[in-house]
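# structure of the sequence below:
(one chain, ligands or ions: 1)
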Amino acid sequence: QISIRGIPLLENVEEVKKVFNRHLHFTIVKDRDVATDHDYYESIAYTVRDHLVSRWIRTNQYHFETDQKRVYYLSLEYHMGRALSNCMINLGIENSVDEALYEMGLNIEELEELESEAALGNGGLGRLAACYLDSMATLGLSAYGYGLRYDYGIFAQKIEDGYQKEYPENWLRYACPWEISRPEFLVPVQYYGKVIDDKDGKKKWVEYITVHAMPYDSPIPGYNNNVVNTLRLWSAKASEKFNFALFNSGDYIRAVAEQSSSEDITRVLYPNDDFDEGKILRLKQEYFLVSASVQDIIARYKRSKINLKADQQVDFTNFPDKAAIQLNDTHPALSVVELMRLLIDVENLGWDQAFDITKRTIAFTNHTLLPEALEKWPIDMFQKLLPRHFQLITDINAHHLDIVQKKWPEDKERMKRMTIIDDEAKKVNMGYLSVVGSHAVNGVAQMHSDLLKSTIMKDFYELNPEKFQNKTNGITPRRWLLICNPDLADLITTKIGEGWITDLAQLKQLRDYVDDEQFIRDIQRVKFENKERLSKFLKKNFNVNINPNSMFDVQVKRLHEYKRQLLNCLRVITVYNRIKANPDKDVIQRTIIFGGKAAPGYKTAKLIIKLICNVARTVSEDPVIGDRLRVVFLENYGVSLAEKIIPAVDLSEQISLAGLEASGTSNMKMMLNGGLTIGTMDGANVEICEEVGKDNIFTFGLTYKEVDELREKGYNAKDYYEHNAELKQAIEQIRDGVFSPEDPNLFSDIVKSLLESDEKFMLLADYEEYMKAHERVEQLYKDGTEWTKKCILNIAAAGKFSSDRAIREYAKDIWNVTPTDKKLPS
Ligand SMILES: CCc1ccc([C@H](C)CC(=O)N[C@@H]2O[C@H](CO)[C@@H](O)[C@H](O)[C@H]2O)cc1
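All right, here's what the predicted structure looks like:
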């Protein structure tokens, strides 16, 4: 039993300096004469890590002692961002570290910039997982994140001559101070082979190949409660270093190739957001995560305090009371069948008991309604790679359809619609498997959860209405305010104290200061300084000049047609034309900032990036415009760049076609940092509008119902084109190569798609109202005080969108665990 009481704490600056120099010497093996900045970064990282390891050990001891129910969050993606500043803030040591570095002539901000972030995610889903880990630790839950340790995360995006170019991001170039390998917990994962009936008629999976899953643990510190939970990421290791037989037969290449091919499983994150490619390597990745994690979860249960005492066969009936598994979309849906396999084939439970335990343990979150994003695996691929699992899905499907048949004996159509295994399409529907194998299913915003029940999961909702819930997304106020916007955080704390950091609802108290002139000036000063800071950063790192006195109008998110960056671009062209047509007109200075990666195979999205960059070039080279309008596309948007952009946002662009953005989370981050939203009634925008009041947000556009009706009635894009001169002009300029004189037809596909009668994302239908909404924005922005009052009201209304609130709801309604704000002894 390790006692931690004696371990020296680092509160004081001297201690930090001593430990820093010890790491520079003993860990990095450098002296100040030859040390690089990266050596200093690593030394302070190890210094800070020292401070949390004792809490990490203590947390594991405490969870073992109290044998709490564990929550397991399974996700193919974790968009973690940088760890150093988050660790220091959550441990409350940033001041002493800052001071210590300063006294050693080092600058903490510069060192923080040297950390390569763990960008193991594509977009919203991956970042949500990271925010939820922070909240689960801050709420004192015994929670584990399980994921994959990709050698390469999301690609680095470079914009070359307006085109997106992708470059591999080797985040592990330097050793990562924030992970520890745990070879003692290596787990075998099986693929291929076949299933035979063994002597007592039990199913036996044989002739499979094995790949080993090596766990790497990263600390997840809670805020100011001494809790340090674990994120366990699996890395594929070939079972044998290389095939001796082949080697001895002289076939060296194949001997080694086999080894590397199995290790390819965790080589790279699939860069698709909302689009399922259906590649077998992706299925291998999904099963790799699931099998390693579920085996590890069962092993932890078997060695838990209550079972350690048990000398006979471990009793699994309490398993659902000791483990809750949350599926982050369908990507880890194989957990349903893997748990069944292990309970039946390894722990010898009966089918019914195994299925009951599985359902009571697992819950599923859906993050998208886009048909192309819903995973359906080809039966033959599935059967070949996972023969035993296909058998179990067949059993589950039979059991499920039996229940459907009993409830709707005549309704053959419903049976066909609800089958998990679609023999016609020869596909396995992972969404249906997730719902059938779970006790709870939730969407990520009220509107999305309602659409889940009325569209893609309608039949399943009618079968088990009690399963369906809503859990509106949230963001962690630690990274997305306290860390990225310290001046605003301090300002808020001076007014209402610091309770808001772990109880964001307290922000409501700021409403009392909405008319406080000094507070209004302070908010304006902080926003301006954040805009100055961003301008300096962009100048230094991207050689981009933007004017902090202009309104920062920002749309940063993955490039996707349903998010309608193209609608924003049409608006930019219209504003450009208006200034050209009336150069003396007094317009506010605007800087329109775009940022976001397109999936490498997503041609249209990449062409939209090119169009935006070409429009930006035309606007910036046009002498008439001067600095009244500036358009920039910032490359390589991700968590670290978001932390610099979001505190500087004046206007938050959330303009997806109603019904297609499940929730959105950048909308919440910008609101929390005093940005006003211009948006459609889609996803969480609806709840943002409810919380802040419709006078403090610029909503526009078709509602979901109107979109549906227009689709019914027949949407004809040409009508809008013909009846709106400004829209027509903008589209014709794109068509005629005004923004691509070097290749006039470059954007013809975009124009064609815009004017197609069934243009899926109805940009032209929402264009006019969007322009009008921007005119309302222009009006209000001219009145700085009124604008700032609405900023204050938006900050005050952001409390609901804390990931702490979301996790409290998951804990109560799905996981049946109890958060605590009790501090663990330090
Ligand atoms: C199979 C390929 C694939 C990969 C990722 C995804 C994710 C579900 C896409 C995603 O990130 N969705 C976003 O999830 C956020 C968190 O809930 C929401 O806020 C966004 O609205 C949703 O688009 C779908 C399909």
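# isn't Leu128 right up against Thr665?
Yes - using Cβ atoms under 8 Å, Leu128 is in contact with Thr665, at 6.2 Å. Bear in mind the C-beta positions are built from the backbone N, C-alpha and C, glycine included.
# who touches both of these two?
Residues touching both Leu128 and Thr665 (Cβ atoms under 8 Å, 6 or more residues apart in numbering) are Asn473.
# could you check the pLDDT of Asn307?
In this model, Asn307 is scored at 81, pLDDT.
# Ile253 too?
The score at Ile253 is 67. That number is its pLDDT.
# now swap in the one 3 residues further on and tell me
The per-residue pLDDT reported for Val256 equals 66.
# quick one: contacts for Asn122?
Glu77, His79, Ile154, Leu269, Pro271, Asn272, Asp273, Arg558, Lys597.
# part of a strand, is the third one?
Read that as Ile154. No - Ile154 is assigned coil when assessed by DSSP: H, G, I helix; E, B strand; the rest coil, not a strand.
# start at 28 instead
Shifting the count to begin at 28 puts that one at Ile181.
# let me see the contact set for it.
Taking Cβ under 8 Å, 6+ apart, one finds His106, Ala146, Leu147, Gly148, Asn149, Glu196, Leu296, Pro298, Lys624, Gly665 in contact with Ile181.
# do that again at 10 Å, thanks
Counting by Cβ atoms under 10 Å, 6 or more residues apart in numbering, Ile181 touches 104, 106, 144, 146-150, 153, 193, 196, 198, 295-298, 300, 585, 624, 663, 665.
# phi, psi for it please.
phi -60, psi 140 (degrees, to the nearest 10).
# separation between it and Ala146?
5 Å (Cβ to Cβ, to the nearest Å).
# thinking again about what came up before, list the ones among the contacts of Ile181 that fall in strands.
Of those, the ones assigned to strands by DSSP state E are His106, Ala146, Leu147, Glu193.
# tell me the contacts of the second one?
Under the criterion of Cβ under 10 Å, 6+ apart, the contact partners of Ala146 comprise 104-109, 153, 177, 179-183, 196, 198, 296, 663, 665-667.
# okay, and the beta partners of it?
His106 (DSSP bridges).
# could you dump stretch 383-396 to PDB, C-alpha only?
Only the C-alpha atoms of stretch 383-396 are listed here, as PDB (Å, rounded to 0.1, in the frame of the first residue of the first chain):
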ATOM      1  CA  ASP A 383     -29.700  -9.100 -20.200                       C
ATOM      2  CA  ILE A 384     -26.400  -8.100 -18.600                       C
ATOM      3  CA  THR A 385     -25.200  -6.600 -21.900                       C
ATOM      4  CA  LYS A 386     -28.300  -4.500 -22.300                       C
ATOM      5  CA  ARG A 387     -28.200  -3.300 -18.700                       C
ATOM      6  CA  THR A 388     -24.500  -2.300 -19.100                       C
ATOM      7  CA  ILE A 389     -24.400  -0.600 -22.500                       C
ATOM      8  CA  ALA A 390     -25.900   2.700 -23.700                       C
ATOM      9  CA  PHE A 391     -25.600   4.500 -27.100                       C
ATOM     10  CA  THR A 392     -25.200   8.100 -28.200                       C
ATOM     11  CA  ASN A 393     -26.100   9.000 -31.800                       C
ATOM     12  CA  HIS A 394     -24.300  12.100 -33.200                       C
ATOM     13  CA  THR A 395     -25.700  12.400 -36.700                       C
ATOM     14  CA  LEU A 396     -28.700  11.800 -38.900                       C
END
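# starting at the chain centroid, how far to that stretch?
Stretch 383-396 has its C-alpha centroid displaced from the chain centroid by 19 Å (Cα atoms, centre = their mean, to the nearest Å).
# what is the nearest of the ones in strands among the contacts of Ile181 to the ligand?
His106 (9.3 Å; Cβ to the nearest ligand atom).
# that closest one and Gly180 touch, don't they?
Yes - counting by Cβ atoms under 10 Å, His106 touches Gly180, with 8.5 Å between them.
# and the residue of the stretch 128-277 of the chain nearest the ligand?
Counting by Cβ to the nearest ligand atom, the stretch 128-277 of the chain gets nearest the ligand through Gly151, at 2.7 Å.
# contact partners for that residue?
104, 106, 300-301, 394-395, 471, 500, 584-585, 688-693, 710.
# can you give me the end-to-end distance of stretch 702-714?
Stretch 702-714 has an end-to-end distance of 16 Å (Cα to Cα, to the nearest Å).
# any idea of the pLDDT on Gln28?
At Gln28, pLDDT is 39.
# near the ligand at all, the helix or strand hosting Gln582?
Using DSSP states H and E, Gln582 maps to strand 578-583. No - on the criterion Cβ under 6 Å from any ligand atom, strand 578-583 is out of touch with the ligand, staying 13.6 Å away.
# okay, buried residues for that strand please.
Met578, Phe579, Asp580, Val581, Gln582, Val583 (16 or more other Cβ atoms under 10 Å).
# pLDDT for those - can I get that in JSON lines?
Rendered in JSON lines, the data for those read as follows (pLDDT from 0 to 100):
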{"residue": "Met578", "pLDDT": "98"}
{"residue": "Phe579", "pLDDT": "98"}
{"residue": "Asp580", "pLDDT": "98"}
{"residue": "Val581", "pLDDT": "98"}
{"residue": "Gln582", "pLDDT": "98"}
{"residue": "Val583", "pLDDT": "98"}
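# which one of those residues sits closest to Thr86?
Distances from Thr86 to the buried residues of strand 578-583, taken as Cβ to Cβ, are shortest for Val583 (34.7 Å).
# OK, contacts around that closest one?
Counted by Cβ under 10 Å, 6+ apart, Val583 has contacts 592, 620-623, 661, 664-665, 668-669, 672-673, 676, 679-680, 693, 696-697.
# what pairs with it across the strands?
Gly622.
# what about it, distance to the ligand?
14 Å (Cβ to the nearest ligand atom, to the nearest Å).
# what residues does the chain have near the ligand?
So the chain meets the ligand at 149-152, 155, 299-303, 356, 394-395, 400, 402, 471, 500, 688-692, 710 (Cβ under 6 Å from any ligand atom).
# at 8 Å what do you get?
103-104, 149-155, 297, 299-304, 309, 356-358, 392, 394-395, 397, 400, 402, 471-472, 475, 500, 585, 688-692, 710-711 (Cβ under 8 Å from any ligand atom).
# pull out the buried residues from stretch 805-813.
Quick answer for stretch 805-813 (16+ other Cβ under 10 Å): Tyr808.
# which helices and strands does the host helix or strand of Ala72 pack with?
Here Ala72, judged by DSSP H and E, is contained in helix 64-93. If you count contacts as 3 or more Cβ pairs under 10 Å, 6 or more residues apart in numbering; DSSP states H and E, helix 64-93 packs onto helix 40-49, helix 111-118, helix 121-130, helix 135-139, strand 207-208, strand 236-248, strand 255-265, helix 332-336.
# how far does the second one sit from the chain's center?
The chain centroid and the centroid of helix 111-118 are separated by 20 Å, computed with Cα atoms, centre = their mean.
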